[in-house]
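> have a look; sequence and predicted model below, questions after that.
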Amino acid sequence: MSTNETDVIVVGGGLAGLAAANRVAQDGLTVRVFEQSADEAYLCNSRYTGGLFHVAMDDMAGDPAWVKANLERTTRGTADPALADALTQNARRTLRWLSSLGVRFIQAGPDGLRRNALAPPGVRQTGLNWRGRAGDVMLRTLAQTLQARGGQLQRGAAARRLLMDGERCVGVEVRMADGQAYEARAKAVVLADGGFQGNAELVRRFITPRPDRLLQRNAQSGQGAGLLMAEAVGARLAGTDRFYGHVQHRKAMSDPALWPYPVLDSLATGGIVVDAAARRFCDEGLGGVYVTNAIAGLDDPLSAAIVFDDAIWNGPGKDWLLPANPYLLSAGGHLVTADSLSALAGQLGLDASALEATVAGYNRVVAGEAVADQPRRSSQPYKAWPIGKGPFHAVEVCAGITYTMGGIATNAKGQVLHTSDRVIAGLYAAGACTGGLEGGGEAAGYSGGLSKSGVFGMLAGEAIVAQLREVAHG
Ligand SMILES: Cc1cc2nc3c(=O)[nH]c(=O)nc-3n(C[C@H](O)[C@H](O)[C@H](O)COP(=O)(O)OP(=O)(O)OC[C@H]3O[C@@H](n4cnc5c(N)ncnc54)[C@H](O)[C@@H]3O)c2cc1C
């Protein structure tokens, strides 16, 4: 083992890590980013990204109070207030700062969701197509800016343990691609490894007993290393039970043409989602991320189907980016269709009378009745459509996990918090490996992956600059 020292070490070369590294390099600090993958175009969620910078699916550059109200509505009051303030007050500034580093944004659509999209835009066809687009270009730009300022991006270096001097973090142990272990010391360490969605054991511990039956709608680079390293030195965790993801066609489990797009959320929130007993099991009106988590929570997450009629197929089915109608079919997906609900049930392998009873009960719920054995159905934010006359349709679905919304607890400066609530000196975390911003439990909501990683990567960098300046000036 050998050692050497820089001012700052960053674990992970995604948006959060490169934002933090660029920010400290901008102020003349020495910085090394350790990236586990040795590939030049190392895969991570920031490279796969659709590239829409938003908060709560709306414009992140709007008036901060309005942006915060959107976030609070989405997370139904469970977002950590300090993190919510930090995100919304620095959102516009982060976009400007990233632009100043050469990251290019365009308006990719008329709505707030697409107002700040990476150029060239990412979401343009089904399946995975990241090369030379959105996140790929952003990461290459940020790596170049970092290197131009003397920062190092060391690929093939996987961090696996934090080095502590008493209660202070003083570096990391990394394993190089050739198998050599290496102790690297620094005055500050930033964990930015992208979450734990790719680690079946952690997904089982926090989210579902059946991790093998979720669709990995991500680059599988987030293996929870940051969370485990932080937990080993006493860090508190927050909101680990929820993930950001989408309802996807079940065939996407084996056919890469069907993920990450088309996303079937609009169909799921327009119609009903039933389990193997043909029963509804969640409030579809609460949105696709909520429904996806509910599917993951089933005894068998590969047993759910969306049921709807023609009006829904031609209404919400055509809504959102690359919607089910027509992209599910053009990408090779399967729409189950029948003239009657009992024939539809037959094709799905469901009990016919159970499905008929569920649809009848659901239609009474939509009409405003309280019906025993039926989950409630919100009509906000997604309108409840009755399931009227045939032909009827269904799509067999699965839960696609994009990234885990919970993780290492931090304060608004990105400093990692100990279970005792004190700050763990020298240790920071940013991006998808952190928790608290999106809240937790049933009420948790999706804030936006890129805004979270960009804003908190930058803020962690700024906090480190301030901290090291303070130390230097005694
Ligand atoms: C298909 C898809 C579409 C998306 N679209 C959008 C969108 O349009 N808008 C939006 O806001 N969000 C979107 N997201 C989410 C968003 O892209 C991510 O939340 C964000 O990019 C995460 O950035 P990050 O830096 O935190 O993590 P990552 O980008 O995952 O980077 C983490 C890095 O850490 C490295 N690493 C992991 N462990 C170690 C270790 N032990 N040592 C060293 N390195 C390690 C990984 O290899 C990886 O390179 C999308 C995600 C996906 C998958």
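Nice, thanks for sending it over.

> measure stretch 292-302 end to end?
11 Å (CA to CA, to the nearest Å).

> give the rounded mean pLDDT of that stretch.
For stretch 292-302, mean pLDDT is 97.

> hmm, that stretch touching the ligand?
No. Judged by CB under 6 Å from any ligand atom, stretch 292-302 stays clear of the ligand, getting no closer than 13.4 Å. In short, each C-beta sits where N, CA and C put it, glycine included.

> buried sites along that stretch?
Residues of stretch 292-302 classed as buried by neighbour count (16 or more other CB atoms under 10 Å): 292-298, 301-302.

> what about whatever residue of the stretch 51-200 of the chain ends up closest to the ligand, how many residues nearby?
Nearest residue of the stretch 51-200 of the chain to the ligand, counting by CB to the nearest ligand atom: residue 194, 2.5 Å away. Per other CB atoms under 10 Å, the neighbour tally for residue 194 reads 35.

> contacting residues for the spatially closest residue to it that is not a sequence neighbour?
In space, residue 194 comes closest to residue 222 once its chain neighbours are excluded; the distance is 3.7 Å by CB to CB, 6 or more residues apart in numbering. When contacts are counted by CB atoms under 8 Å, 6 or more residues apart in numbering, residue 222 touches 44-45, 193-199, 403-404, 432-433.

> still on that earlier bit, for the residue of the stretch 51-200 of the chain closest to the ligand, list the residues it contacts.
Per CB under 8 Å, 6+ apart, neighbours of residue 194: 12, 14, 16, 44-46, 219, 221-222, 226, 403, 431-433.

> just the ones of those in helices?
16, 45-46, 226 (DSSP state H).

> hey, where'd the helices end up in this structure?
15-26, 45-48, 64-74, 81-100, 134-148, 200-206, 225-232, 265-270, 288-296, 310-314, 324-330, 341-348, 352-366, 449-472.

> which one of the ones you listed lies nearest to residue 108?
helix 134-148 (9.6 Å; CB to CB).

> average pLDDT for the closest one, rounded please.
98.

> quick one: that helix to chain centroid distance?
Mean C-alpha position of helix 134-148 versus that of the full chain (CA atoms, centre = their mean, to the nearest Å) differs by 21 Å.

> what is it packed up against?
With contacts defined as 3 or more CB pairs under 8 Å, 6 or more residues apart in numbering; DSSP states H and E, the secondary structure elements packing on helix 134-148 are helix 15-26, helix 45-48, strand 116-118, strand 152-155.

> pull the residues that contact it.
With contacts defined as CB under 8 Å, 6+ apart, helix 134-148 is touched by 13-15, 18-19, 21-22, 25, 31, 33, 41, 44-51, 98, 101-104, 117-122, 130, 153.

> filtering these by proximity to the ligand, which remain?
Okay, of the contacts of helix 134-148 touching the ligand (CB under 6 Å from any ligand atom), that's 13-15, 44-46, 48-51.

> between those, which sits nearest the ligand?
Using CB to the nearest ligand atom, those come closest to the ligand at residue 14, 2.1 Å.

> isn't the closest one up against residue 42?
No. Counting by CB atoms under 8 Å, residue 14 stays clear of residue 42, with 9.1 Å between them.
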